[in-house]
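Asks: Next comes the sequence, and after it the predicted model I'd like to discuss.
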Amino acid sequence: MEYNFRKIEKRWQIYWRKHHLFHTKENYSSSKKKKYYILNMFPYPSGEGLHIGHCLGYIASDIYARYQRAKGYNVLNPIGFDSFGLPAEQYAIQTGQHPYETTRKNIQRYQNQMNKIGISFDWSRSLCTSDPTYYRWTQWMFIQIFNSWYDKKSEQAKSIDLLIEKFNKNGNLSVHASSSFNDKFDSKTWKKLNSFEKESILLDYRLAFLCKNTVNWCPDLGTVLANDEIKNGKSQRGGYPIYKKKMLQWHIRISAYIERLLKGLKSIDCSKSFKNLQHNWIGKNLGASILLEIFFSKENRKKIELFISRPETIFGMTFIILSTDHPLLEKITLSSHKKNVMNYKKNNTNTLVEEKTTISGVFTGNYVFHPFIKNKKIPIYISNSFPVDQKTKSIIGTPGHEKYSFQFAKKFGLEIVFVLIPEKEKIDHYNKNKNHEPYEEENGICINSDFLNGLNTKEAKEKIMQILENKSIGKKRNTYKLRDAVFSRQRYWGEPIPIFFKNKIPKTIPIEKLPLILPKIENYHPKNGKSPLVRVNLWAWDEKNMKIVSKDLIDNKYVFPIETSTMPSWAGSSWYFLRYMDVHNHKFFLDKKKEHYWKNVDLYIGGSEHTTGHLIYARFWHKFLKDRGWISSEEPFNKILNQGMILSSSAIILKTIGDNTFVSYGLKNKNNNLSFQEIYVDISLTNNNKLNINQFKKWRPEFSNAKFFLEKGNFFCKRKLEKMSKSKHNVINPDHIYEKYGSDVFRLYEMFLGPITQSKSWSDEKINGIKNFLNKFWRLFHKNGLFQVSELSPTFEEFKILHKAIKKLQEKIKYFSFNTSISLFMIVVNQLTVIKCNKRKILEPLVKLMAPFVPHIAEELWKKLGWKKSVIFSSIPILDPKYLVEEKITYPIMFNGKLKFKEEFKSNITIEQIKNKILNHYKTKFFLKEKGLKKIIIIPKKIINIIYN
RNA sequence: ACCCAGGUGGCGAAAUAGGUAUACGCGCUGAACUCAAAAUUCAGUGAUUUUUAUCAUGCGGGUUCGAAUCCCGCUCUGGGUACCA
């Protein structure tokens, strides 16, 4: 009988589902079974279906889950869907279909596909973020974040009520908080404030707060765009201009958690590069906040606070930049320069986003004094071309050591002073060279820096810090690249933010009234940069009756407007792994007892593209929930494994901007008058580099009457190898593969492509090898098409093959080396085929070893071997070391590091004996001849190297 | 531009303490079986060379008895850069 995967695989998939074999239960009673929680990447259910890149991770984690079960762990292996987000909304705008509907369909399809590749997910724990029973808790958590502040003393988030209590007692004098509020007040002052003033101050302490931030504003589309939707400074849809605009947005004070995010990295079992990436993303840097005297000072304002990120370059400071929204701008600017400054400010608030922004700025007419060079005046400019320090809204220009400052200095004819040179360079030599470029390296030796001269960067930094502090000019201050996270999205398809505005003061919707349901709408287009929710009529909060009412009733006394922005998709994806522990709990997001049992994730397998976004937010969110006492672990993931991405060749075509005309790629440079935008097309519409125009016209309604400029009768596109992703329309689906070859073949093939952590481009050319291998494996159990295994006792050699494999597999699984595990199986099957071994005592353990990789065929053979219960209930075979003893070792004999011949020695022989034997060996004598022996190196069980002159 | 990863036969890759480079698989070549094909089995397969041998792990250096592996400098490819997820 042939190995008929179609029949077999379907049968076992039904069997598993029918008997709920993957349902996981908390095991409180016996402490025998230890828990193991495996977390899978949270998929976004797109219309393109599950792709082979997702499968890579799911298959790997499934193998590990099944292996851990066989080792006796109680394994939690859940899956759910990150279903809020931009693509569904875009699709709704294009087709008018409600995202709720498309999402439901897509999830159905994903589920189907996952089942068809035999992944052992516990579907009873599935969830999706757009489900009100889920986002009710996301909203609840937002309210908790809103109602919290961060106490730096105890390094912990606490309830805002506690802070109010403190304010009433002693103002903020003894409060040490993460806050954007800079001034001090006592309890008397606090008590005198009206409620609006109090709320404004509290907002500066809350972990969720409102403040202005820059967005990408596209007036033609009437919306705020994601960076992803922008190509070369123009909107990807339509190619319209985009402006930087400040808008009031919700933020999360993630900066409060920075030190803990850094500290926690130490306890995570993950690659060095993962830690480096997160570390660099957080970007901690010690700088100094300095107070400098203003030259023309008005009234009592004599000094200005500035921030210097590299204090060791302080002698290289030749100008100061203030941002256009600096609070003291008007006071500092001289009246003679006021007009210029105000004009600049006016013209540069909403600036065009283009590929290259030209450097600009205006002189305020004023100066500060250099703290160490007597009477040296440093000019103050305003500009929006620099990334200013957020706290002081300023940046110090050191043109000798920073590119933009250099360009700025050149443009405005400002002094350029070099204060650092490379360590190897000589000062005279350096001074002779007049055409210096800015020296941006971190390490160097100080020059032109008075008392810092000759010191290296590190020494200079320490010394200058001390002097700044001693002279009370400045203080140490850490800066971080990681900024507070923007939490508002001017979009429809996301969790509504449970806030209403009572006379501009944000108030939370009462917890018992959650979830605040996302209303159904018909028009998904944004309106004047706001979410489509502004069109919803039933979107006002009646505070008295605690319900949602019509906006017509807004009187700002009892009825108030509800926030129309929605949450970003990272909100829902920051805690989903906690909900898996207790999906159906209607009373709370997670029961204490269950939390205590599962605690946190033991292994997370996910793409490295999530390292800096998702995995920072999730870690932050987790720490917050811990602080407020709802969970007990500090870090969400014990071990993180980054799977490599699967790359695919995308197809890109040229569209003329502002016109529904497309130009074949080869004609790109022949139409100098036209400007193009690049558009991704679905790879199924292409054949090699040629686009199928008829299919393309049908692809999207807006292209149905497009015009095309051909090349020799063909329309060519550009190909580009990049990560497989729905947004690039280069997704390859697993469906046709498992339908043609079977799921076990597909699983093995994905794992056989290469190491799990490495990115790889997709091709299914080599899948035959895997198919052959599984046939060969099947044939071991069959003779003339009939199942036949021998009950005879295996020989020592046969046992040796088996036990060597058991040992090697242990090592390979430990390193998640699934590709070499498969090579190992191939070698074993080849060896057994050669010696024609079909003995039960060898084949049965082999089935158990392979079952996590190829669960369907393993179940079938297991049944044929006479077992009634699923192979899932069997345990991994135990290693017997007596079969691993090697009596002889073959040494390679090398001469000056080059292999000449091999020689076998007994494993218990001494090094001295080996030396004697090998030096007297006739081959050694032949190779050495007249050459003089210099040395002989013998590394036990490895090599022998003979060195000669 | 910055941060992270990778580059080994015709191809996917192996070589987790610096110690036999190319395991395993694909492809290709040849043979057996067959009227034939498929499937299967066997043999061969880094390059140059008749052999001896020499050269080969992106490029150029270095450390070492010995380097794919460690160090320095480049280069190409991929990922991330904060509203794709």
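Replies: On my side now, so go ahead.
Asks: Check what pLDDT the spatially most central residue of chain A gets.
Replies: In chain A, the centroid-proximal residue (CA atoms, centre = their mean) is A:H610; its distance is 1.6 Å. We have a pLDDT of 91 for A:H610.
Asks: Also A:H429?
Replies: pLDDT recorded at A:H429 is 66.
Asks: again with A:N227
Replies: On pLDDT, A:N227 comes in at 89.
Asks: Show the contacting residues for it.
Replies: Neighbouring residues of A:N227 by CB atoms under 8 Å, 6 or more residues apart in numbering: A:N216. All C-beta atoms are positioned from the backbone trio N, CA, C, and that covers glycine.
Asks: sorry, back to before: how near is the residue nearest to the centre of chain A to RNA strand B?
Replies: Look at A:H610 and RNA strand B: by CB to the nearest atom of the strand, to the nearest Å, they are 5 Å apart.
Asks: doesn't A:F42 make contact with that residue?
Replies: No - A:H610 is beyond contact range of A:F42, at 9.0 Å (criterion: CB atoms under 8 Å).
Asks: follow-up on the earlier one: tell me who's in contact with the closest residue to the residue nearest to the centre of chain A other than its chain neighbours.
Replies: For A:H610, ignoring the flanking residues on the chain, the nearest one in space by CB to CB, 6 or more residues apart in numbering is A:M41 at 7.5 Å. Taking CB under 8 Å, 6+ apart, we find A:M41 in contact with A:H54, A:G57, A:Y58, A:I605, A:G606, A:G607, A:H610, A:Q643.
Asks: Can you name the residues of the stretch 201-350 of chain A sitting close to RNA strand B?
Replies: Counting by CB under 7 Å from any atom of the strand, the stretch 201-350 of chain A comes close to RNA strand B at A:215-216, A:224-229, A:249, A:272-273, A:276-277, A:280-281, A:283.
Asks: Pull the contacting residues for A:L50.
Replies: A:P43, A:R109, A:Y110, A:Q113, A:M114, A:N733, A:P734.
Asks: Is the nearest residue to the fourth one once chain neighbours are set aside part of a helix or strand, or is it coil?
Replies: Leaving out its chain neighbours, the residue that sits closest to A:Q113 by CB to CB, 6+ apart is A:L50, at 4.3 Å. Under DSSP: H, G, I helix; E, B strand; the rest coil, the three-state class of A:L50 is coil.
Asks: Got phi/psi on A:E678?
Replies: Phi and psi for A:E678, reported as degrees, to the nearest 10, are phi -90, psi 140.
Asks: ok, it - contacts?
Replies: Contacts of A:E678 by CB under 8 Å, 6+ apart are A:K231, A:I652, A:I653, A:L654, A:K655, A:K718.
Asks: Show the secondary-structure elements that the host helix or strand of the fourth one is packed against.
Replies: With the criterion set as DSSP states H and E, the secondary-structure element containing A:L654 is strand A:646-656. Contact analysis of strand A:646-656 by 3 or more CB pairs under 8 Å, 6 or more residues apart in numbering; DSSP states H and E lists helix A:52-70, strand A:661-663, strand A:676-681, strand A:718-723, strand A:760-761 as its packing neighbours.
Asks: Kindly state which of those is positioned closest to RNA strand B.
Replies: Closest to RNA strand B of those, according to CB to the nearest atom of the strand: strand A:718-723, at 3.1 Å.
Asks: quick one: that closest one near RNA strand B?
Replies: Yes - against RNA strand B, strand A:718-723 shows contacts by CB under 7 Å from any atom of the strand at A:K720, A:L721, A:E722, A:K723.
Asks: Over to stretch A:772-790?
Replies: Yes - using CB under 7 Å from any atom of the strand, stretch A:772-790 reaches RNA strand B at A:N772, A:F773, A:N775, A:K776.
Asks: and the closest residue to A:L647 other than its chain neighbours, how many neighbours does it have?
Replies: Distance criterion CB to CB, 6+ apart; nearest residue to A:L647, sequence neighbours excluded, is A:S761 at 4.3 Å. Neighbourhood size, A:S761 [other CB atoms under 10 Å]: 13.
Asks: and if you look at A:I517?
Replies: Neighbours of A:I517 (other CB under 10 Å): 11.
Asks: if I pick it, what's in contact with it?
Replies: Going by CB under 8 Å, 6+ apart, A:I517 touches A:P132, A:P496.
Asks: Just to be sure, it is in a strand?
Replies: No - A:I517: not assigned to a strand; according to three-state DSSP it is coil.
Asks: what ranges do the strands span in the stretch 251-400 of chain A?
Replies: A:285-293, A:303-308, A:319-322, A:351-352, A:362-369, A:377-382, A:394-397 (DSSP state E, counting those that start in this stretch).
Asks: lowest-confidence stretch among these?
Replies: Ranked by mean pLDDT, those end with strand A:351-352 at the bottom, a mean of 72.
Asks: gap between that one and the chain center?
Replies: 29 Å (CA atoms, centre = their mean, to the nearest Å).
Asks: packing partners for that strand?
Replies: With contacts defined as 3+ CB pairs under 8 Å, 6+ apart, strand A:351-352 has these neighbours: strand A:243-252.
Asks: What strands flank the strand it packs on, and is each parallel or antiparallel?
Replies: Sheet pairing of strand A:243-252 (DSSP bridges) gives strand A:208-218 (antiparallel), strand A:351-352 (antiparallel), strand A:485-486 (antiparallel).
Asks: what's near enough to touch A:S649?
Replies: Contact partners of A:S649, counting by CB under 8 Å, 6+ apart, are A:I683, A:R719, A:K720, A:L721, A:N730, A:S761.
Asks: Identify the bridge partners of it.
Replies: On the basis of DSSP bridges, A:S649 is bridged to A:L721.
Asks: now A:I252
Replies: A:I252 has these beta-bridge partners by DSSP bridges: A:A208, A:A485.
Asks: Quick one: residues contacting it.
Replies: Contact analysis of A:I252 by CB under 8 Å, 6+ apart lists A:I145, A:L207, A:A208, A:D484, A:A485, A:F487, A:F620.
Asks: likewise A:T24?
Replies: If you count contacts by CB under 8 Å, 6+ apart, A:T24 has them with A:N74, A:V75, A:L76, A:N77, A:D122, A:R125.
Asks: how does it look with 10 Å?
Replies: Contact partners of A:T24, counting by CB atoms under 10 Å, 6 or more residues apart in numbering, are A:35, A:37, A:65, A:69, A:74-78, A:120, A:122, A:124-125, A:580, A:598.
Asks: Now, these that are in strands?
Replies: Judged by DSSP state E, the contacts of A:T24 include A:K35, A:Y37, A:N74, A:V75, A:L76 as members of strands.
Asks: which ones are touching A:L933?
Replies: A:L933 touches A:L919, A:T924, A:I946, A:I947, A:Y948, A:N949, counting by CB under 10 Å, 6+ apart.
Asks: Give me the pLDDT for it.
Replies: 82.
Asks: How about whatever residue of the stretch 701-850 of chain A ends up closest to RNA strand B, nearest residue that isn't a chain neighbour?
Replies: Closest contact between the stretch 701-850 of chain A and RNA strand B, by CB to the nearest atom of the strand, is at A:G769 (2.2 Å). Spatial nearest neighbour of A:G769, chain neighbours left out: A:F752 (7.8 Å); criterion: CB to CB, 6+ apart.
Asks: Neighbours of the one you found, how many?
Replies: 21.
Asks: surely it meets A:K771?
Replies: No - taking contacts as CB atoms under 10 Å, A:F752 lies outside contact range of A:K771: 11.5 Å.
Asks: which residues do these two both contact?
Replies: With contacts taken as CB under 10 Å, 6+ apart, A:F752 and A:K771 have A:V745 as neighbours in common.
Asks: how is chain A carved up into domains?
Replies: Domain assignment of chain A by automatic domain parsing yields the ranges A:286-479, A:646-723, A:765-883, A:888-948.
Asks: Present those domains as JSON lines; the columns should include distance to A:I268.
Replies: Shown next, in JSON lines, are these (distance: least, CB to CB, whole Å):
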{"stretch": "domain A:286-479", "distance to A:I268": "22"}
{"stretch": "domain A:646-723", "distance to A:I268": "24"}
{"stretch": "domain A:765-883", "distance to A:I268": "16"}
{"stretch": "domain A:888-948", "distance to A:I268": "35"}
